[in-house]
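> What follows is a predicted structure for the sequence shown.
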Amino acid sequence: MAWRELESSQVIAGSQGELYITIDNQRHQIASGKNVEAKVDKEKTEINILGKTGKKNKTTSWKGTGTLTLYYNTSLFRKKMIEYIKTGRDFYFDMVVTNDDKTSDLGRQTIVLKGCNFNSMLLAKINVDDDVLDEELEFTFEDVEMPEEFKEI
């Protein structure tokens, strides 16, 4: 197969996309989102094999983690965290992250993160040195789907 050069139209602009969160069967567009990243870490166990001097690795499970950076201009998550503090009822949500750069000929990719749960929550913030306020929320997730994927290059 001959080498093909990457075309500029095949690079995805990071700001082109959509972010939605579903909590308690209510879908919320998160227009204040600045950055979202989700990753999977495979957890492995080292194993010894008779007759081998090196160790091998057996994947035994995975853990999904991520960060969501927002402009500090929504009370949605703080209300849910305060509800947890007052009642003990934690909240889980699904996050739909879509890359949709209209200038790219690769199409859209959508990842659905299921069973998301924030690790901690910023309840209040003032900072006279910041031009605008933002917040970074770390989360875990328990399942994932990819209903749309980029076309092959």
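Thanks, I have it. Just so we're clear, the structure is a prediction, and the values are computed from it rather than from any experiment.

> Skipping adjacent residues, who's closest to residue 30 in space?
Leaving aside its sequence neighbours, residue 30 sits nearest to residue 19 (C-beta to C-beta, 6 or more residues apart in numbering; 4.3 Å). Where C-beta positions appear, they are placed from N, C-alpha and C, glycine not excepted.

> ok, now residue 145?
residue 112 (4.4 Å).

> just to revisit the earlier point, sec struct for the residue nearest to residue 30, please.
strand (DSSP: H, G, I helix; E, B strand; the rest coil).

> so what's it up against?
29-31, 33, 36, 95-98 (C-beta atoms under 8 Å, 6 or more residues apart in numbering).

> try residue 61
Counting by C-beta under 8 Å, 6+ apart, the residues that residue 61 touches are 42-43.

> Distance-wise, check the residue lying farthest from the centre of the chain relative to residue 44.
Using C-alpha atoms, centre = their mean, the residue of the chain lying farthest from its centre is residue 51. It sits 42.6 Å away. Using C-beta to C-beta, to the nearest Å, residue 51 is found at 21 Å from residue 44.

> Kindly list the main-chain dihedrals of residue 106?
For residue 106, the backbone dihedrals (degrees, to the nearest 10) come out as phi -90, psi -10.

> follow-up on the earlier one: top of the contacts of residue 19 by number of neighbours, please.
residue 95 (24 neighbours; other C-beta atoms under 10 Å).

> isn't there a strand covering it?
Yes. Using three-state DSSP, the assignment for residue 95 is a strand.

> For it, which non-adjacent residue is closest in space?
residue 113 (4.4 Å).

> hey, C-alpha coordinates of the helix or strand containing the one you found in CSV?
Residue 113 belongs to strand 109-118 when assigned by DSSP states H and E. Taking Å, rounded to 0.1, in the frame of the first residue of the first chain, the C-alpha atoms of strand 109-118 are listed here in CSV:
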residue,chain,number,x,y,z
GLN,A,109,-17.6,10.7,16.2
THR,A,110,-19.9,10.3,19.2
ILE,A,111,-18.8,8.7,22.5
VAL,A,112,-21.4,8.0,25.2
LEU,A,113,-19.9,7.7,28.7
LYS,A,114,-22.4,5.8,30.9
GLY,A,115,-22.7,5.8,34.7
CYS,A,116,-20.6,8.9,35.2
ASN,A,117,-20.0,10.2,38.7
PHE,A,118,-18.1,13.3,39.9
